[in-house]
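Colleague: sequence? don't have it. structure:
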């Protein structure tokens with residue numbers, strides 16, 4: 001769908017993730033981290049997700065299924081393919097990192113660091129998702145005025 005000339009786009013930065021098993025990733029992210037499905041577009045292949053949008057407290061991530069490298073230069077792969085090498089971390093600000101941690105732990109999430117106070121402010125924890133992406137959930141607000 002093309003926007004009409006003169007229509008503005010809401011500026012945003014939205015993380016886009018790639019998963020081998022995108023349907024399982026969507027289920028995990030909703031169950032363990034509290035995301036909800038906003039849009040899920042299945043692909044032609046069984047178990048393929050062309051595009052999905054998940055919401056958490058008014059914020060969005062997008063994700064899709066990994067594509068064979070033969071499908072073009074924009075063929076990103078999840079950390080599970082790179083031997084666990086991760087080049088980014090998703091940082092999520094929320095009010096209750098301890099409660100969120102309990103939910104993630106109960107869902108079997110692989111925890112990197114249990115809830116802790118940060119030297120720069122806020123409290124948080126870090127974990128892996130099902131395919132090796134690192135998530136940081138904390139009460140640190142990067143938009144707040146420095147102390």
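Modeller: It's in. Keep in mind that this is a model prediction, so the values were computed, not measured.
Colleague: low-confidence stretches in this structure?
Modeller: By pLDDT under 70, the low-scoring segments of the chain are 1-6, 68-82, 84, 87, 147.
Colleague: quickly find the element holding the residue nearest the centre of the chain.
Modeller: Centroid-nearest residue in the chain, with C-alpha atoms, centre = their mean: residue 61, separated by 5.6 Å. Applying DSSP states H and E as the criterion places residue 61 in strand 59-65.
Colleague: the strands in this structure, which residues?
Modeller: Taking DSSP state E as the criterion, the chain carries its strands at 16-19, 36-42, 49-56, 59-65, 89-93, 110-117, 123-128, 134-138.
Colleague: would you mind giving the ones you listed as a markdown table with distance to residue 26 added?
Modeller: Every C-beta, even on glycine, is put in place using the N, C-alpha and C of the backbone. Output for the strands of the chain, formatted as a markdown table (distance: least, C-beta to C-beta, whole Å):
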| stretch | distance to residue 26 |
| --- | --- |
| strand 16-19 | 8 |
| strand 36-42 | 7 |
| strand 49-56 | 6 |
| strand 59-65 | 7 |
| strand 89-93 | 15 |
| strand 110-117 | 18 |
| strand 123-128 | 16 |
| strand 134-138 | 15 |
